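Novice: coordinates only, sequence not included:
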């Protein structure tokens, strides 16, 4: 049972435009969500997180939106840059992140120059 | 940012041998370390959670006698794949966290069993 889903395995976006990566979850007990970025042959790198008491968190070009009623979160990257090309994983946790992380299957983003 | 070092990055060995993978947090003391396994084009699957000085907590379906975890200090955890077989070939990644901070990941170990 996949509790965290990223239904788009890949996404291509033109440089300078907005990239929107989506993630859905099924467990209403999740209260902490994270996005990680992964380059080939490297481990995931933490990007941004959000707790369920918020519906938006912003850090530079990266913004995460949380829609608790829809059990949906999204990562917006504006403007997209070629260096953003990577696989993006969303992860969900309980107890404000002290619980284990459940990862989605990832979305491969390609930013075209 | 926090740095987690994982070693080796790649190992090939014969079936039946044991392989040890090290995970070190270089610039912080990790209260908890995690070991994941990733199959091609799939998600990171948590294998076990390791707290310093105590026994690791294994996820359902993960054989604790097969995958031995030792968390000897706040900066070092090791995963030993015992009597490895071809089906154990995979990408193994560790992560470390301190308190409520996000997990920080190593670069992974690609294990190939011949």
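Specialist: Cool, the structure landed. Just so we're clear, the structure is a prediction, and the values are computed from it rather than from any experiment.

Novice: what number of residues lie near the one residue in chain B that gets nearest to chain A?
Specialist: Using C-beta to the nearest C-beta, the single residue of chain B nearest to chain A is residue B:105, 3.5 Å away. Where C-beta positions appear, they are placed from N, C-alpha and C, glycine not excepted. Counted with other C-beta atoms under 10 Å in any protein chain shown, the neighbours of residue B:105 add up to 24.

Novice: who touches the one residue in chain A that gets nearest to chain B in this structure?
Specialist: Closest contact between chain A and chain B, by C-beta to the nearest C-beta, is at residue A:43 (3.5 Å). The neighbourhood of residue A:43, defined by C-beta atoms under 8 Å, 6 or more residues apart in numbering or on different chains, consists of B:4, B:6, B:93, B:95, B:105-108.

Novice: mind listing which of the residues you listed are in strands?
Specialist: Residues from the contacts of residue A:43 lying in strands, with DSSP state E as the criterion: B:4, B:6, B:93, B:95, B:105.

Novice: Looks like the second one contacts residue B:111 (just checking).
Specialist: Meaning residue B:6. No. Taking contacts as C-beta atoms under 8 Å, residue B:6 lies outside contact range of residue B:111: 11.7 Å.

Novice: Can you pull the residues that touch both of these two?
Specialist: residue B:21.

Novice: So which of the ones in strands among the contacts of residue A:43 wins on neighbours?
Specialist: Going by other C-beta under 10 Å, residue B:95 tops the ones in strands among the contacts of residue A:43 with 28 neighbours.
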